[in-house]
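> no sequence for this one, just the structure:
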């Protein structure tokens, strides 16, 4: 049976969910005051199920591996639906190490990756430089992850929005959902924040091309929240509501009593740089690495720009930090000294929605209510499979027990109650 589903949140996670629901034949309303302006705006877009794997995160592979395999299908669907490209590149990833300790750590990790059936090839320093001649002379070794690819998240979000906005059964509402509506112990919709209605299409710079002179560096921070007006509140009713708005998720009014979502902001600084013509291509592979225990990545785009990231800090500071920029450039230089000659065009800071176990909150919360949030640093990758899980639950073809490791109630008390904290329709 086709349903009307509200998706709260229009980052890549929410947009992927809306797209998959639409593909399944459901009507979708997307609610977000500033689509793709949060963590998706800063993300580098590495589809790295292998090189993103960390010790004791085996459960994530149930989502990340099928998600990576889904991306060619998603790109093909969007290519048919819109002329907006996604920046998808199927080139592999090289994971390089700066010293013997870094190499030993990744060698231990590789042993576990191989036990789990992941494809990781050990490379000598010479073999790595044969693949990428500009790798630094001091690297201690490397590993090749053939199945780890990349996409450009801003362009992906733009492609999703472009494809969805022309669908008769999809509506984008540029407002903030503040409260769930309940009727007879079931979620039946959302209440929106009072605001001045904006006419016209939703606009956003869904690209990494700078809108400023080439000599100017822009430090990008999240936009300030709009001030509500005194106009009447609006209500939207639906058969199902999906919470997919990351850090805002725990603040949503009307969540069930006893439900605990300990989502914390994990800030990251990301740099975007332009490669001079004489150095292009700087690298054809995505370069990831450990530099004296710190992670860094260098992601080459097809237009000659490069993304370098990302720090992880929990200091609640939205601004780009000078120390973070210094650390990123220093570590990137150790792996690829030629980054010294790149032109810095953007420094971005955003907060990722992290959970205590670094796994998403995914699944059914109550009748009429589903969660797809808390994806931390994996949001772009996991969005593909998370969307399938949510769509299966809406269709009634999957059981909650299928994804128990990501149960939205797992941080809550045992005496869960699927009754609201307020808000009735």
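Nice, thanks for sending it over. Just so we're clear, the structure is a prediction, and the values are computed from it rather than from any experiment.
> so how far is stretch 111-127 from its chain's centroid?
The chain centroid and the centroid of stretch 111-127 are separated by 25 Å, computed with Cα atoms, centre = their mean, to the nearest Å.
> Other residues contacting stretch 280-293?
With contact meaning Cβ atoms under 8 Å, 6 or more residues apart in numbering, stretch 280-293 is reached by 46, 48, 51, 91-99, 101-102, 105-106, 131-132, 134-135, 139, 148-150, 275, 295-300, 304, 306, 331, 334-336, 338-339, 342. Every residue, glycine included, has its C-beta placed from N, CA and C.
> Can you tell me which of the residues you listed end up in strands?
Taking DSSP state E as the definition of strands, those contribute 46, 93-97, 149-150, 295-300, 306.
> And stretch 36-51, end to end?
Stretch 36-51 has an end-to-end distance of 25 Å (criterion: Cα to Cα, to the nearest Å).
> Would you map the strands across the stretch 1-150 of the chain?
Listed in chain order, the strands of the stretch 1-150 of the chain (DSSP state E, counting those that start in this stretch) span 4-8, 27-31, 46-47, 93-97, 121-123, 141-145, 149-150.
> Just the angle for the helix or strand hosting residue 267 relative to strand 294-300, thanks.
Assigning secondary structure by DSSP states H and E places residue 267 in strand 264-274. Angle of strand 264-274 versus strand 294-300, following axes from the mean of the first three to the mean of the last three Cα atoms, to 10 degrees, is 40 degrees.
> From here on, call the first residue 222.
Will do, 222 is the new start, and the previous item becomes strand 485-495.
> list the helices and strands strand 485-495 packs on?
Secondary-structure packing of strand 485-495 (3 or more Cβ pairs under 8 Å, 6 or more residues apart in numbering; DSSP states H and E): strand 526-530, helix 543-556, strand 564-575.
> Emit the PyMOL select command for whichever of the contacts of stretch 501-514 are buried.
Those of those that count as buried under 16 or more other Cβ atoms under 10 Å are selected in PyMOL with:
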select buried, resi 267+269+272+313+314+315+316+317+318+319+320+323+327+353+356+360+369+370+371+496+516+517+518+519+520+521+525+527+552+555+556+557+559+560+563
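> Which residues does the lengthiest helix in the chain contact?
Identified as the longest helix of the chain according to DSSP state H is helix 282-302. For helix 282-302, the external contacting residues (Cβ under 8 Å, 6+ apart) are 237, 240, 244, 268-270, 273-274, 305-307, 309, 311, 337, 339, 368-370, 372, 377, 380-381, 383-384, 581, 583, 599, 602-607, 609-610, 624, 626-627.
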